[in-house]
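**Student:** Starting from these lines, generate the structure:
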Amino acid sequence: MVRNSQPVEISNSRGTQPLVVEREILQKMEELLARLEAFRPARPLSEPTVKTLSVEVVREAMDSLKTERMRQGLSLADMRERSGIERSALCKLENDAACNPTLRTLTRYAAAMGKRVRVVLEDAESSDQLVSA
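**Tutor:** Numbering: from 1, shown residues only. The predicted model follows:
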């Protein structure tokens, strides 16, 4: 045990008893964590990942579908009736950037407006050009 150390209370998100740690031990832990961070490889922020690209594609599709819904003058209530998708889910689909709908959901949404979803398979060179652009 470290002499002349002051206890520090660390709360947690689970709502269980807080942990009491000696201040010097906590400082040593923070130093070690900082040193470990130096070894973590940094990925450039501009380099898109497959997940990032797929989220962008889905977001673009949803933006197009929402624009079409509004162009047709359809409300979310109309879309609920036509697609069978709950109004709250429709709202989340249209507005939540982190939403990741299935292809089936996108298809149901599009079909409710008399539209269809198409998936296009391209050569890798084509998609590489998109990534590097």
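**Student:** going forward, measure contacts and count neighbours with C-alpha atoms only.
**Tutor:** Fine.
**Student:** This structure: strands as residue ranges?
**Tutor:** 7-10, 19-22 (DSSP state E).
**Student:** which residues of the protein score low on pLDDT?
**Tutor:** Using pLDDT under 70 as the threshold, the predicted model of the chain has low-confidence ranges 1-21, 39-53, 125-133.
**Student:** Tell me how it divides into domains.
**Tutor:** Domain ranges of the chain: 7-39, 50-132, per automatic domain parsing.
**Student:** Highest mean neighbour count out of these?
**Tutor:** Across those, averaging neighbours per residue (mean count of other CA atoms under 10 Å) puts domain 50-132 on top, at a mean of 14.
**Student:** Endpoint to endpoint, stretch 110-120 covers what distance?
**Tutor:** Start-to-end span of stretch 110-120 (CA to CA, to the nearest Å) is 16 Å.
**Student:** can you list contacts of it?
**Tutor:** The set of residues external to stretch 110-120 that reach it, using CA atoms under 8 Å, 6 or more residues apart in numbering, is 65, 68-69, 72, 79, 82-83, 106-107.
**Student:** let's see 7 Å
**Tutor:** 65, 69, 79, 82-83, 107 (CA atoms under 7 Å, 6 or more residues apart in numbering).
**Student:** want to try JSON lines for these, with distance to R23 as columns?
**Tutor:** Below are these laid out as JSON lines (distance: CA to CA, whole Å):
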{"residue": "L65", "distance to R23": "55"}
{"residue": "R69", "distance to R23": "58"}
{"residue": "M79", "distance to R23": "58"}
{"residue": "R82", "distance to R23": "61"}
{"residue": "S83", "distance to R23": "58"}
{"residue": "T107", "distance to R23": "57"}
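**Student:** other SSEs contacting the helix of greatest length in the chain?
**Tutor:** Of all the elements of type helix in the chain, the one with the most residues (DSSP state H) is helix 50-71. For helix 50-71, the contact count by 3 or more CA pairs under 7 Å, 6 or more residues apart in numbering; DSSP states H and E identifies helix 87-95 as packing neighbours.
**Student:** quick one: the helix it packs on to helix 50-71, angle?
**Tutor:** Relative orientation of helix 87-95 with respect to helix 50-71: 110 degrees, computed using axes from the mean of the first three to the mean of the last three CA atoms, to 10 degrees.
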